[in-house]
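Peer 1: below is the structure, and that's it, no one-letter string:
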């Protein structure tokens, strides 16, 4: 399925035991008792398998929710993307769109409308039939203004400067029709981002305005009804999540055997990457994500003795960056009204000045970051889509790279001086340039990056105080409370890794437009330009036009140093 928990690190390496399921050896007793549906989905594989085994994955953060549309962080998405299926998906080998819950589709002559034909006989994990009413309900959830899930951004377009949502219908039980207001080069991928939910379970709380709290981690696992190849078997907070096969899944192998083969997938939660690594070497974990560059040499030395496979995959599709908080309050608090800057006014004035942001970027020695925490296994990157993306990488995009003298000149131009001789700049009213930098404490690489960034900025008179914090708290602070100064995180690649899948980040209305989320209309001219260029990018099938408009988006983002 899309975004299957991969074994790709932030830099170059993935690891997996040569023999999966060390913790679950033995003959499986599983018997497929349910009849196959009329329309199965045959999955091509290198070889046929048999039932049995388990795969144990290391994870440093517990999921926040089992509610797929409301999940916005990797710890939740890694699991939800196995629990729920969509109409379409991507074949990772060819990057082609493939049918999943829809067995086929066709486009109208103008390319705006797509009609999907659902597989017959599909069932949810509780045995309840899946019909187009469930698909329509799932889109109702994603299109909800009160919920505003991240998938909504891909299912709307700017028309005459206004955000216009796609329309959809279910003319019969096995047909679903969606229409874009204008040509969408990624219509199938955007449809594929919507996970299909059980209407018979979730429609009542949705109509009652309680959907966001449904399928929380407190929900008994037996009550979480899923549409994908897996369902919940066990959840122990901050310890583990165990998945078991959906007995009604419609996927089969070449011999007609129902998939998946594994009896269990287990996500083991550890306090940090080091603890996960110890479990891997002890044979308690079969695979790791986000492998630290510090550990590469050790893995190379132990590969044969411990019987695992080390894969060098080249530069990752993932990125690391930080941003300043330019969000405005959605609700009044602390004597400030709705629409006021979330940070103190003097900080907002500073953060909102592109000269300050450019000075900060020019103070950072990226070559030292690469040599240090990355141990040389990293590259400079000025776009969301990295150099490994051969189709969309753009080497002509430029950014505010290391130039400390220019950084100091820009800060002086802003009237910032060290007025008391303590080495830290102050503004004209005496406010000391001292800011907290959030980053996730379980990611040792980012903690190390924050430390070196602190040292670089100290050289130009800016005090940064790294604030390693658990990831779920960071999500709350950055997306709900807006209670922070700056934050160092990263982005994993969307699927497909295409400019059109970056709407959540690029568009001013996006829920992960980190520096100023969910704007009703673009607050700056730069963001208006980005919105328009992004709209033009997805409104054509002409790849040369798409590359040019993506360049405009990326260069505008860098010129304004939003990241």
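Peer 2: The structure has been received and is ready for your questions. Here the structure is a predicted model, which means the values were calculated and not measured.

Peer 1: buried residues in stretch 171-181, which are they?
Peer 2: 174, 175, 176, 177, 178, 179, 180, 181 (16 or more other CB atoms under 10 Å). Just so you know, the C-beta spots here come from the backbone N, C-alpha and C atoms, and that holds for glycine as well.

Peer 1: now the end-to-end length of it.
Peer 2: Its first and final residues considered, stretch 171-181 spans 19 Å by CA to CA, to the nearest Å.

Peer 1: contact partners of that stretch?
Peer 2: Outside stretch 171-181, the residues that touch it by CB atoms under 8 Å, 6 or more residues apart in numbering are 87, 102, 112-118, 120, 131-133, 135-136, 139, 157, 159, 164, 166-170, 187, 191.

Peer 1: got it, and stretch 542-562?
Peer 2: 185, 323, 354, 357-358, 360-361, 382-385, 392, 394, 396-400, 499, 502, 506, 515, 524, 526, 529-530, 533-534, 536-538, 540, 563.

Peer 1: only the buried subset of those residues, as a PyMOL command please.
Peer 2: Applying 16+ other CB under 10 Å to the contacts of stretch 542-562, the buried members can be selected in PyMOL as follows:
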select buried, resi 185+323+357+358+360+361+382+383+384+385+392+394+397+399+400+499+502+506+515+524+526+529+530+533+534+536+537+538+563
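
Peer 1: from the contacts of stretch 542-562, which land in strands?
Peer 2: Mapping the contacts of stretch 542-562 onto strands (DSSP state E) picks out residue 323.

Peer 1: so which of the buried residues of stretch 171-181 comes closest to residue 328?
Peer 2: residue 181 (27.9 Å; CB to CB).

Peer 1: before we move on, what SS does that closest one have?
Peer 2: The local conformation at residue 181, judged by DSSP: H, G, I helix; E, B strand; the rest coil, is coil.

Peer 1: then residue 140?
Peer 2: Under three-state DSSP, the three-state class of residue 140 is helix.

Peer 1: got a list of what it touches?
Peer 2: residue 206.

Peer 1: ok, now residue 393?
Peer 2: By CB under 8 Å, 6+ apart, the neighbours of residue 393 are 383, 385, 386, 387.

Peer 1: any idea which of those is closest to residue 38?
Peer 2: residue 385 (40.4 Å).

Peer 1: wait, that closest one sits on residue 492?
Peer 2: No. Applying CB atoms under 8 Å, one finds residue 385 not in contact with residue 492, separated by 11.7 Å.

Peer 1: can you list residues touching both of the two?
Peer 2: residue 317.

Peer 1: all helices for the stretch 51-200 of the chain, in order.
Peer 2: Taking DSSP state H, counting those that start in this stretch to define them, one finds helices in the stretch 51-200 of the chain at 74-83, 132-142, 187-192, 199-207.

Peer 1: likewise for the stretch 351-500 of the chain?
Peer 2: Using DSSP H, counting those that start in this stretch, helices in the stretch 351-500 of the chain cover 354-362, 366-371, 404-413, 444-458, 471-476.

Peer 1: got a markdown table for these, with distance to residue 58 and mean pLDDT too?
Peer 2: A markdown table is the format used below for the helices of the stretch 351-500 of the chain (distance: least, CB to CB, whole Å; pLDDT from 0 to 100):
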| stretch | distance to residue 58 | mean pLDDT |
| --- | --- | --- |
| helix 354-362 | 34 | 98 |
| helix 366-371 | 25 | 96 |
| helix 404-413 | 39 | 98 |
| helix 444-458 | 14 | 96 |
| helix 471-476 | 15 | 91 |
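
Peer 1: between the ones you listed, which one is nearest to residue 143?
Peer 2: Closest to residue 143 of the helices of the stretch 351-500 of the chain is helix 471-476 (CB to CB; 22.8 Å).

Peer 1: got a list of contacts for the closest one?
Peer 2: With contact meaning CB under 8 Å, 6+ apart, helix 471-476 is reached by 60-62, 64, 72-73, 75, 438-442, 487, 489.

Peer 1: in strands only, show me those.
Peer 2: 438, 439, 440, 487, 489.

Peer 1: tell me the one of those residues nearest residue 449?
Peer 2: Nearest to residue 449 among those: residue 439, at 7.6 Å, using CB to CB.

Peer 1: that closest one: neighbouring residues, count only.
Peer 2: Using other CB atoms under 10 Å, residue 439 has 27 other residues around it.

Peer 1: that one: what's it in contact with?
Peer 2: Residue 439 touches 322, 446-447, 449-450, 466-469, 474, 487-489, counting by CB under 8 Å, 6+ apart.

Peer 1: residue 477 now?
Peer 2: Neighbour list for residue 477: 438, 469, 483, 484, 487 [criterion: CB under 8 Å, 6+ apart].

Peer 1: before we move on, what about residue 448?
Peer 2: 372, 373.

Peer 1: count of neighbours near the closest residue to residue 370 other than its chain neighbours?
Peer 2: Nearest residue to residue 370 in three dimensions, chain neighbours excluded: residue 378, at 4.6 Å (CB to CB, 6 or more residues apart in numbering). Residue 378 has 21 neighbours, counted by other CB under 10 Å.

Peer 1: how about the helices of the stretch 51-200 of the chain, which one is nearest residue 372?
Peer 2: Residue 372 lies closest, by CB to CB, to one member of those: helix 74-83, at 24.5 Å.

Peer 1: now for that closest one, which elements pack on it?
Peer 2: When contacts are defined as 3 or more CB pairs under 8 Å, 6 or more residues apart in numbering; DSSP states H and E, helix 74-83 packs onto strand 54-59, strand 230-236, strand 240-245, strand 264-269.

Peer 1: format those strands as JSON lines; extra columns: mean neighbour count, mean pLDDT and distance to residue 344.
Peer 2: JSON lines is the format used below for those (neighbours: other CB atoms under 10 Å; pLDDT from 0 to 100; distance: least, CB to CB, whole Å):
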{"stretch": "strand 54-59", "mean neighbour count": "23", "mean pLDDT": "93", "distance to residue 344": "36"}
{"stretch": "strand 230-236", "mean neighbour count": "18", "mean pLDDT": "97", "distance to residue 344": "40"}
{"stretch": "strand 240-245", "mean neighbour count": "22", "mean pLDDT": "98", "distance to residue 344": "40"}
{"stretch": "strand 264-269", "mean neighbour count": "22", "mean pLDDT": "96", "distance to residue 344": "36"}
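
Peer 1: indicate which one of the ones you listed is closest to residue 143.
Peer 2: Residue 143 sits nearest to strand 230-236 of all these, at 26.1 Å, using CB to CB.

Peer 1: any idea how far that closest one is from the chain center?
Peer 2: Distance of strand 230-236 from the chain centroid (CA atoms, centre = their mean, to the nearest Å) equals 22 Å.

Peer 1: so what secondary structure elements neighbour it?
Peer 2: When contacts are defined as 3+ CB pairs under 8 Å, 6+ apart, strand 230-236 sits against helix 74-83, strand 240-245.

Peer 1: give the contact list for residue 234.
Peer 2: Per CB under 8 Å, 6+ apart, neighbours of residue 234: 221, 240, 241, 242.

Peer 1: give me the distance between residue 285 and residue 261.
Peer 2: Separation of residue 285 from residue 261 (CB to CB, to the nearest Å) stands at 20 Å.

Peer 1: just to revisit the earlier point, how about the contacts of residue 393 in TSV, adding pLDDT and distance to residue 246?
Peer 2: Below are the contacts of residue 393 laid out as TSV (pLDDT from 0 to 100; distance: CB to CB, whole Å):
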residue	pLDDT	distance to residue 246
383	91	38
385	91	33
386	90	34
387	88	38
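
Peer 1: which of those residues lies closest to residue 406?
Peer 2: Proximity of those to residue 406 (CB to CB) peaks at residue 383, which lies at 22.2 Å.

Peer 1: which helix or strand contains the residue lying closest to that closest one once chain neighbours are set aside?
Peer 2: The spatially closest residue to residue 383, leaving aside those adjacent along the chain, is residue 554, at 4.4 Å (CB to CB, 6+ apart). In the assignment (DSSP states H and E), residue 554 maps to helix 543-559.
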